[in-house]
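# Sharing a sequence plus its predicted fold:
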Amino acid sequence: MPAAPPPPAGVRTTPSALRRLATRPPAAWLLDLDGTLLDTIPLIVETWRRATADVLGTPAAPERLHANLALPLYEHAAALAPGRTGELADAYWRHYAPRAASARAFAGVEGALRALARTGAALAVVTSKRRRTLATALASLPSDVAFAAVVAAEDTERHKPHPDPLLLALERLGADAGDAAYVGDSTLDVRAARAAGVLAVGVAWGADGPDALAAAGADVVVESPAALAGIAAGAALPA
């Protein structure tokens, strides 16, 4: 068996994962949104602190909020206050809606998305966001990059770390799990990717750090959007 190529700078991975990328480039790249493409983690944490202060009388501790960042709105609210889920979700939306348009892509993400698109693979967004916030969020991404599918919180009954959202995206794309990768910033993203049978690519600039992502079973951990673009450049589909 030929040796795997060396990883690009800023990439933590295994020889088997590199070999898979080189010999069977992903035909589909599935991408998380918050904390992966969009720099929204501080906004989400601050919004939850305001919502919990309104409903519960005191803001939730940031570390408690970080533990549930990858969950959909109502699941996160239920984890914080099981008996007051609706109130808390409504309060979150009141605070988030006026600030939603302030979301911006991480520096370098636009270039990474274009690099992924140049591989010839299909791109899809798989997020725990609800659809009413998606249009504003997606408007923060480059308009010349097309997403062939978008899966939101309402589209599946079970959410990450269950594989259902990723499997639905693959179904909509007409892609096989063995030919796909999921890029996300949380350990729940990694667990969902592994459960779905796709390559798990963790990004170190979001909710969870590189050590946590690696411990959760990420096949690849990238330190920067430039490193993700480097992976894409080495995993282009044949013309």
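That came in fine, so what should we check first?

# can you give me the helices in this structure?
Residue ranges of the helices in the chain, as given by DSSP state H, are 15-23, 41-56, 62-66, 73-80, 85-96, 109-118, 131-138, 164-173, 187-196, 210-216, 225-233.

# Who are the packing partners of the third one?
With contacts defined as 3 or more C-beta pairs under 8 Å, 6 or more residues apart in numbering; DSSP states H and E, the secondary structure elements packing on helix 62-66 are helix 41-56. Bear in mind the C-beta positions are built from the backbone N, C-alpha and C, glycine included.

# Kindly report the domain assignment for this structure.
The chain breaks down into these structural domains: 11-39+103-233, 41-102 (assignment by automatic domain parsing).

# deepest of these, which one?
Between the domains of the chain, domain 11-39+103-233 has the highest mean count of neighbours, a mean of 20, where neighbours are mean count of other C-beta atoms under 10 Å.

# That one - what's its average pLDDT?
Taken as a whole, domain 11-39+103-233 has a mean pLDDT of 93.

# Report the contact partners of the spatially most central residue of the chain.
Of all residues in the chain, the one closest to the mean position by C-alpha atoms, centre = their mean is Asp32, 2.0 Å from it. With contact taken as C-beta atoms under 8 Å, 6 or more residues apart in numbering, Asp32 is in contact with Ala70, Val125, Val126, Thr127, Tyr182, Val183, Gly184, Asp185, Ser186, Asp189.

# can you list those residues in TSV and add distance to Arg104?
Compiled in TSV, the contacts of Asp32 are given as follows (distance: C-beta to C-beta, whole Å):
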residue	distance to Arg104
Ala70	20
Val125	16
Val126	20
Thr127	16
Tyr182	23
Val183	18
Gly184	19
Asp185	16
Ser186	19
Asp189	20
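
# Quick one: closest of the helices of the chain to Val145.
Taking C-beta to C-beta as the criterion, Val145 comes closest to helix 109-118 out of the helices of the chain, the separation being 4.6 Å.

# And for the closest one, what's in contact with it?
Contacts with helix 109-118, where a contact means C-beta under 8 Å, 6+ apart, come from 29, 31, 37-38, 123, 141-142, 144-146, 225-226, 228-229, 232-233, 236.

# between that helix and helix 225-233, how big is the angle?
Computed with axes from the mean of the first three to the mean of the last three C-alpha atoms, to 10 degrees, the direction of helix 109-118 lies at 10 degrees from that of helix 225-233.

# From Gly184, how far off is the nearest residue to Ala148 once chain neighbours are set aside?
Setting aside the residues directly before and after it, Ala148 is nearest to Ala122 in space (C-beta to C-beta, 6 or more residues apart in numbering), at 4.5 Å. Note on Ala122: its distance to Gly184, by C-beta to C-beta, to the nearest Å, is 17 Å.

# Would you quantify the distance from the residue nearest to the centre of the chain to Asp144?
From Asp32 over to Asp144 the distance is 21 Å, taken as C-beta to C-beta.

# now do Leu228
Where Asp144 is concerned, Leu228 sits at a distance of 18 Å (C-beta to C-beta).

# do the same with Thr23
Note on Thr23: its distance to Asp144, by C-beta to C-beta, is 29 Å.
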